[in-house]
Structure formats: C-alpha cells, structure tokens
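K.L.:
My questions concern the predicted model and sequence given below.
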Amino acid sequence: MFLQQISSRTSCAELWCRPACLCPPFSAIDRRSASGTSRRCRTLRTMAVQLGYEAWVKGDPKTETLGDCPFCHRALLTLEEKHAKYTQDYVDFAEKPEWLLKINPEGSVPVVKDRETEEWFVDSAKFVDYLEDKHPEPALGKSTDAPDAGSKVFPAFVAIIKSPEGDNSKIEPLKEELKVLNSHLESHGPYLKGKDISAGDLALAPKLHHMQVALKAFKGFDIPQDMKAVHVYLDNIRSRSSWQNTSYSDDVLLSGWKPKLGSG
C-alpha cells in the first residue's frame, strides 16, 4: 500500500531523492530495535542500501520537516544538482542520537554516507568535493575553486544578528560585502563563475537566503534594490528544481536564528 501511494506521486527512481523514512543507519537499527522503527521503514532502507547516499540533516524526525542549516542545504543542493540518488533523514538537535555522536563527536550535520564505500562524511565542503570527483558530470567544480566574492557576507550577517538591539554599526560592513558581490556578479554573472551554476553558488546561496530572510524579519534590513545582480542571482537559484526540492519555510529559518539575537 505504501509503495502504491508513493508511486502515485513519484517514480521509484525519484523515491530515493525524497524524505523517505526515519530509520537510523543499519549499524544503529539493532540498538534501537525497540524504538518503534516500522517494517515499512526497514524495507525501504533495505531496498535503498545499495543505492547512492544516506544524508542526515537538521530537522524534525516526527514531522519529517527539514531544518534551517545552510550547510545541510549545501549538501542537499549538490546531491540534487548531481542527480545523485539519496535518502534524506532528520536529526533532532534537542536529542542527538548516540550513533551520530560516535560518527561525529561534535554532533554537527550534515553527515552523509556513501552506501557503496560505507564511508561517512562529516564536513559539507569535503563531501561536495568528493561528489565532484565521483560524479564529474554535470561539472560543478570544487569548493576551493569558488571566487572570493560573497565569502564574507555570512560572517557580517552573523555579527549583525548577535549585536545588541539598537546597535546598527554592523550594517555598513555587510553592505560593503554585498557591493563586492554585486559588482562581481555584474561582471561575471549570472552565477559566480558565469552562466553555469557551480559549487561556490551552492555554498553561498543558502547563506544569502538566511541573511535576507532573518535580517528583514529581525532588523528591518533587506538587500538594497540597487544591487540588482544580487537579487537576480537569488531569484535564479531559488527557481531551480534543486532549491525547490530542498527548501524550508521562513518560519523554520527564523526559529533557528531567534535564540541568537543579541547573543554576541
């Protein structure tokens, strides 16, 4: 019945590129045999185990809701752009599972497993570079190939979020970084390296998205309208199927940043 329900919405090939189930990795299933993991879930995991990648990202396992992590978003965007097969599962940051801490003692996500090699990746930059080597087409380039333009936008944004209420001194440095990015895109766009999307875009775009949504809501600041190249850049990326398949709500994003307000 479950597979019939899924087939009415998506093909079996596409199934592995959608949130499929909440099973832990196979190494953890025995330890959690009493946790209520369903037969349906185990069956799907068995069918998928030889295919592609197992991506664990920030989110709510109960509602299968993707969380607001830009680094997880980067990994998922890259998997989508590479047309790689993967399952997407969620880690509740309030109750990180024991198996995750064994794989990555820092407890950060994403953590991604290559089911073919059984290798785990706990760093999004290293993972996307691995994907580029293993799946060279379509080419995205390496994370180290990205232009410097835009690289300082996210730290400038975080500084604003953490600044005390009423302190607007950090706004101007962000504007300057956005000007640098806008100028680069005017000369080299529409993407960072020209007409085709690259690994640098998949790292930068989620951070720009967080900046725009959070600062507009919490600080009343938006990307200036005269920075048209930046607006076009974001519009182009948000219109891609890779983004639409991996997006999360503004409410989820804002709930992630709200506790950090004025925490600097």
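P.N.:
All right, it came through fine.
K.L.:
Low-confidence regions, this protein specifically.
P.N.:
Along the chain, the model assigns pLDDT under 70 to residues 1-50, 264.
K.L.:
what about 80?
P.N.:
Applying pLDDT under 80 to the chain picks out residues 1-51, 263-264.
K.L.:
any idea which strand is longest in it?
P.N.:
Criterion DSSP state E: the longest strand present in the chain is strand 53-60.
K.L.:
Who does whichever helix or strand comes after that one pair with, and is each partner parallel or antiparallel?
P.N.:
Downstream of strand 53-60, the first helix or strand assigned by DSSP states H and E is strand 65-66. The strands that strand 65-66 pairs with in its sheet are strand 53-60 (antiparallel) (by DSSP bridges).
K.L.:
Just the residues contacting the strand it pairs with, thanks.
P.N.:
Here strand 53-60 makes contact (CB atoms under 8 Å, 6 or more residues apart in numbering) with 25, 65-69, 72, 75-76, 79, 84-93, 100, 109-115. No exception for glycine: its C-beta is placed from N, CA and C like everyone else's.
K.L.:
Mark which of those are part of strands, please.
P.N.:
65-66, 86-91, 111-114.
K.L.:
any idea how far Val180 is from the residue lying closest to Ala217 once chain neighbours are set aside?
P.N.:
Nearest residue to Ala217, sequence neighbours excluded (CB to CB, 6 or more residues apart in numbering): Leu254, at 5.5 Å. Going from Leu254 to Val180 by CB to CB, to the nearest Å gives 27 Å.
K.L.:
Out of the ones in strands among the contacts of strand 53-60, flag the one nearest to Lys170.
P.N.:
Closest approach between the ones in strands among the contacts of strand 53-60 and Lys170, by CB to CB: Leu66, at 28.9 Å.
K.L.:
Provide the partner residues of the closest one in its beta bridges.
P.N.:
Leu66 has these beta-bridge partners by DSSP bridges: Gly59.
K.L.:
That one - how many residues pack around it?
P.N.:
Residues within reach of Leu66, counting by other CB atoms under 10 Å, total 21.
K.L.:
next one: Lys162
P.N.:
Using other CB under 10 Å: Lys162 sits among 14 other residues.
K.L.:
Helices of the chain, start to end?
P.N.:
2-7, 12-15, 26-29, 39-48, 70-81, 98-103, 124-134, 153-162, 171-188, 199-218, 228-238, 241-244, 250-257 (DSSP state H).
K.L.:
Stretch 81-100: end-to-end distance?
P.N.:
The straight-line separation of the ends of stretch 81-100 (CA to CA, to the nearest Å) is 26 Å.
K.L.:
Tell me which residues touch the residue lying closest to Lys179 once chain neighbours are set aside, please.
P.N.:
Of all residues not flanking Lys179 in the chain, Met227 sits nearest, at 7.1 Å (CB to CB, 6+ apart). For Met227, the contacting residues are 178-179, 181-182, by CB under 8 Å, 6+ apart.
K.L.:
Quick check: Gly67 vs Glu118, distance?
P.N.:
Going from Gly67 to Glu118 by CB to CB gives 26 Å.
K.L.:
how about the residue minimising distance to the centre of the chain, what does it touch?
P.N.:
Geometric centre of the chain, nearest residue: His73, 0.6 Å, by CA atoms, centre = their mean. By CB under 8 Å, 6+ apart, the contact set of His73 is 206, 246, 248.
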